[in-house]
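Novice: any chance you can model this:
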Amino acid sequence: MAAAISEPDLPADPSVPLAVAFRFWLKLGFISFGGPAGQIAIMHQELVERRRWISEKRFLHALNYCMLLPGPEAQQLATYIGWLMHRSAGGIIAGSLFVLPSLVLLIVLSWIYMAFGGTPVISGLLYGVKPAVTAVVLFAAWRIGSRVLRHPVLWLLALASFLAISLFGVPFPAIVGVAALLGYAGTRFVPGWFSQSTSHQESGTRAPAIIDDDTPAPTHARFDRRRFARVAVAGLLLWAGTLGALAAMFGWDGVLVAMGWFFTKAALLTFGGAYAVLPYVVQGAVDQYHWLTTPQMIDGLALGETTPGPLIMVVAFVAFVGGWTHAALGPEQLALAGAAAAIVATWFTFLPSFLFILLGGPLVESARNLAQLSAPLTAVSAAIVGVIASLAAYFAGHVFWPTGWNGPFEWPLALIGIVAFVCLMRYRGGVIPVVLASALAGLALKMALGQGV
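Specialist: Numbers count the residues shown, from 1 in each chain. Okay, here's the model as predicted:
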């Protein structure tokens, strides 16, 4: 699936050189398409199945924790694994490189969008990418579910979460909370239902991982109150210092200061991924601050779906347009204002994610063998499978019936989606080749229909 970032298999050394890890995280940042499900699947294949840097059980334990946090879970998972392997520097490198390529690309695309208006070529490419993204999410849900859903009760929990969020609009935090409570109750009455022992036995047939199931936590991954306090104070100073510097330069009523406040709040509300917080972003950016219009927001979401990195990076587009339209740095520097706003939005959106990992990582590592905590996290993982499947269904409905269920069925897009899914499922095609081929197919269809360039 991630052949584009494959390198020769590494020997099972006691550690991975930081330079080797740096190259991997950099490549991952450029090819992390497919939303959180696809990104997590790429990391699983590369880090667990192929390189054996971390075992299945440790990977899932870290993923479970990231799923509970507000913010982009795939970026937080990369930060967590980087931190576990190479201390705070490794975590900062992994998490930053997961975001920076997307930020640069979105700034460039946002400038093209604002400076030149319509982009028919991009429209044609997006036409084919949308069904491919749907296929990637569906495949990732199946792939992760095949590893997590190891008991009929977990299957029922995944189905219940799918129905709850798809049909009844149950908030994602409520789904996570109920799943965690069920898992906790299971530890007392039916512990076998939420056991991860099967996963452990399966991984035992493979070569040992560098960070294996029973590898002791390194010194930096052990909880220390003084370290916890230092990281917390440093994080608060970074946040307050940046906001204060913006206020000193542009005033407390400045656009960039407002963006700092707004995207900090958005970062703390992103339970369930970017789609869970998009209504809040739309309400604030479109209705309250008038940084952009609703059609511009839809265009930005399409760009966010088809660029690498977390989907929440759409905030970079939102901020770029807002900085441009409000001339945050003056009427003569619109492009620079847009770029500055995009950087501000990204900084305040992702700073909490780094703090959650650097502060909570040691606590999570110390609790990985406690059934009282591992069982709730296993239940949460099962519920997440249902949520990811609901996202695939949401995509399918909007892509294949763009004008609603009573409108025409987009059979060309359905064909692209089916071919993409078969390539991923049957032939283990990489995400990048599948996405690129689908994009070119969509552009060709647009041109054939007279709607392209």
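Novice: state the number of residues packed around residue 251.
Specialist: When neighbours are defined as other CB atoms under 10 Å, residue 251 has 11 of them. To be clear about C-beta, it is placed using only N, CA and C from the backbone, and glycine gets the same treatment.
Novice: looking only at pLDDT, what's the mean for the longest helix seen in the chain?
Specialist: Residue-count comparison of every helix in the chain, with assignments taken from DSSP state H, identifies helix 73-116 as the longest. Across helix 73-116, pLDDT averages out at 92.
Novice: okay, buried residues for whichever helix or strand comes after that helix please.
Specialist: Toward the C-terminus, helix 73-116 is succeeded by helix 120-148 as the next helix or strand (DSSP states H and E). Residues of helix 120-148 classed as buried: 122-145, 147-148 (neighbour count, 16 or more other CB atoms under 10 Å).
Novice: in terms of secondary structure, what does helix 120-148 contact?
Specialist: For helix 120-148, the elements it packs on are helix 35-43, helix 56-68, helix 294-305, helix 371-400, helix 411-425, helix 431-448, judged by 3 or more CB pairs under 8 Å, 6 or more residues apart in numbering; DSSP states H and E.
Novice: how far away from the center of its chain is the fourth one?
Specialist: What separates the centre of helix 371-400 from the centre of its chain is 13 Å, taken as CA atoms, centre = their mean, to the nearest Å.
Novice: buried set for that helix?
Specialist: Of all the residues in helix 371-400, those buried under the rule 16+ other CB under 10 Å are 371, 373-393, 395-396, 399-400.
Novice: just put the helices and strands packed on helix 120-148 in CSV and tack on mean pLDDT and distance to residue 314.
Specialist: Converted to CSV, the helices and strands packed on helix 120-148 look like this (pLDDT from 0 to 100; distance: least, CB to CB, whole Å):
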stretch, mean pLDDT, distance to residue 314
helix 35-43, 77, 12
helix 56-68, 83, 20
helix 294-305, 74, 4
helix 371-400, 77, 15
helix 411-425, 91, 22
helix 431-448, 83, 18
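Novice: angle of the longest helix of the chain against helix 294-305?
Specialist: An angle of 130 degrees separates the directions of helix 73-116 and helix 294-305 when computed by axes from the mean of the first three to the mean of the last three CA atoms, to 10 degrees.
Novice: which residues of the stretch 151-300 of the chain fall in helices?
Specialist: In the stretch 151-300 of the chain, the segments counted as helices under DSSP state H, counting those that start in this stretch are 152-167, 172-189, 197-203, 225-250, 255-267, 274-282, 294-305.
Novice: nearest to residue 214, of those?
Specialist: With respect to residue 214, and counting by CB to CB, the nearest of these is helix 197-203 at 9.5 Å.
Novice: below-threshold pLDDT in the stretch 151-300 of the chain: ranges please.
Specialist: Applying pLDDT under 70 to the predicted model, the residue ranges of the stretch 151-300 of the chain that meet it are 172-173, 195-206, 269-279, 298.
Novice: if we can go back for a sec, out of the helices of the stretch 151-300 of the chain, nearest to residue 107?
Specialist: Of all the helices of the stretch 151-300 of the chain, helix 294-305 sits nearest to residue 107, with 11.1 Å by CB to CB.
Novice: so how far is the closest one from its chain's centroid?
Specialist: Average the C-alpha atoms of helix 294-305, do the same for its chain, and the two points are 17 Å apart (CA atoms, centre = their mean).
Novice: now do the helix or strand that comes right after it: which elements does it pack against?
Specialist: Moving toward the C-terminus from helix 294-305, the first helix or strand encountered (DSSP H and E) is helix 314-325. In terms of contacts (3+ CB pairs under 8 Å, 6+ apart), helix 314-325 is packed against helix 73-116, helix 255-267, helix 274-282, helix 294-305, helix 334-366.
Novice: possible to save those helices as CSV with distance to residue 52?
Specialist: Converted to CSV, those look like this (distance: least, CB to CB, whole Å):
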stretch, distance to residue 52
helix 73-116, 13
helix 255-267, 33
helix 274-282, 31
helix 294-305, 32
helix 334-366, 19
